[in-house]
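pasted the sequence and its predicted model underneath.
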Amino acid sequence: MEEKIRLAVGIMGNAASMLLYATPIFTFVRVVRKKSTEEFSCVPYIIALLNCFLYTWYGLPVVSHKWENFPVVTINGLGVLLELSFILMYFYYASTNGKKKVAMMTIPVLLVCCITAILSALVFHDHHHRKAFVGSIGLVASIAMYGSPLVAVKQVIQTKSVEFMPFYLSFFSFLASSLWMAYGLLSHDLFLASPNLVGSPLGILQLFLYCKYRTRESMEEPQKCDMEKNSEKPMQLPKVNAENEEKPMQYLMGNGDRNDEKAKQHLQMVVTGAIGEM
């Protein structure tokens, strides 16, 4: 029964992790459309690549006992392909300095992956020690992966905007870490459970900040729209009173109703004088 529950949790963890790894697709659609990496950071994708590679190797029969961690292999193998794709796309659209930074971070990560795989296969001769070696390095990588969004968290707090911290990335990060923590506890494997003890609270923190600053943005947007609408209204001249329109002479001369008779007399004198001169 326990084995069935563990397998079910592993399948749900696979689904949540697949959504987590696929979430940056929306970000890179924007990058491709604008042909710019804008303010997005490549650090989370590079660290995620390291994490996926290490846990793919951890789940293979070389390190684990047979296929006891087959769900770990499937999802992290997919993660390796996705993260490599994102890094290559980021590298293509990054500026010259951005490309240098990506290369300086990605090359050491790939070297660490290769060295870990070679040492675990050649130096250690049993599954227990191989799991301890690869799992220890994977533990550090997982904590770094779940902690990498703290860069975005800092930016959110400074700018008071959640534009560069997508909701789905935070949500699926929390969901995946919670499920894999349960999987690790059911498997009695601390190397799978421990990093998620850090990832789950960090996911909650990101969701809290998203709700906080998203609510603020929603409150500010209507006020901004009202100001823009008011600025677009044309200046209106005061309407002329209908009574004044019927009395153009008095209105223009500023005499009003009390001087109607004087206005008429003055007009008659002007007309009479003009006729007399003729």
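Good, I have the coordinates.

list the contacts for Leu84?
For Leu84, the contact set (C-beta atoms under 8 Å, 6 or more residues apart in numbering) comprises Leu49. (C-beta placed from N, C-alpha, C; glycine too.)

phi, psi of the most centrally placed residue in the chain?
Nearest residue to the geometric centre of the chain (C-alpha atoms, centre = their mean): Pro166, 2.3 Å. Here is the backbone geometry of Pro166 (degrees, to the nearest 10): phi -60, psi 140.

that one and Ile25 touch, don't they?
No: using C-beta atoms under 8 Å as the test, Pro166 is too far from Ile25 to be in contact (10.7 Å).

and stretch 103-120, what's buried?
Across stretch 103-120, burial judged by 16 or more other C-beta atoms under 10 Å covers 105-106, 109, 113, 116-117, 120.

can you give the distance of that stretch from its chain's centre?
Centroid displacement of stretch 103-120 relative to its chain, using C-alpha atoms, centre = their mean, to the nearest Å, is 29 Å.

and the gap between the closest residue to Gly184 other than its chain neighbours and Ser177?
Once flanking residues are discounted, Gly184 sits nearest to Ala193: 2.8 Å by C-beta to C-beta, 6 or more residues apart in numbering. Going from Ala193 to Ser177 by C-beta to C-beta, to the nearest Å gives 10 Å.

go on, Ala121?
29 Å.

which one's more surrounded, these two?
Ser177 (27 against 14; other C-beta atoms under 10 Å).

wait, the more buried one sits on Ser200?
Yes: in terms of C-beta under 8 Å, Ser177 counts as a neighbour of Ser200; the distance is 4.6 Å.

quick revisit: mind listing what the residue nearest to the centre of the chain touches?
Contacts of Pro166 (C-beta under 8 Å, 6+ apart): 23, 26-27.

mind checking which of those residues land in strands?
Residues of the contacts of Pro166 located in strands (DSSP state E): none.

what subset of those residues is buried?
23, 27.

closest one of the buried residues of stretch 103-120 to Leu49?
Among the buried residues of stretch 103-120, Val109 lies closest to Leu49 (C-beta to C-beta), at 6.2 Å.

any idea which helix or strand carries that closest one?
In the assignment (DSSP states H and E), Val109 maps to helix 96-122.

again, but for Lys66
When elements are assigned from DSSP H and E, Lys66 belongs to no helix and no strand.

next up, phi/psi of it, please.
Phi and psi for Lys66, reported as degrees, to the nearest 10, are phi 50, psi -130.

what pLDDT does it get?
pLDDT, Lys66: 84.

measure the residue nearest to Gly184 to Gly135 for me?
11 Å.

please identify which of the two sits among more neighbours.
Gly135 (22 against 17).

mind listing what the more buried one touches?
Taking C-beta under 8 Å, 6+ apart, one finds 58, 189-192 in contact with Gly135.

do the same with Phe28
86, 89-90.

out of the residues you listed, which is most surrounded?
Tallying neighbours with other C-beta under 10 Å puts Tyr90 at the head of the contacts of Phe28, with 23 neighbours.

let me know the pLDDT of Leu20.
So Leu20 comes in at 83 (pLDDT).

for the remainder of this discussion, apply numbering that starts at 775.
Right, with 775 as the first residue, what we last looked at is Leu794.

not counting its neighbours along the chain, what's nearest it?
Phe946 (3.9 Å).

quick check: which element contains that neighbour?
Residue-wise, Phe946 maps onto helix 941-960 under DSSP H and E.

in the stretch 775-924 of the chain, what spans have low per-residue confidence?
By pLDDT under 70, the low-scoring segments of the stretch 775-924 of the chain are 922-923.

could you check the angle the helix or strand in which Tyr866 is found makes with helix 870-896?
Secondary-structure assignment from DSSP H and E places Tyr866 in helix 844-867. Here helix 844-867 points in a direction 150 degrees away from that of helix 870-896 (axes from the mean of the first three to the mean of the last three C-alpha atoms, to 10 degrees).
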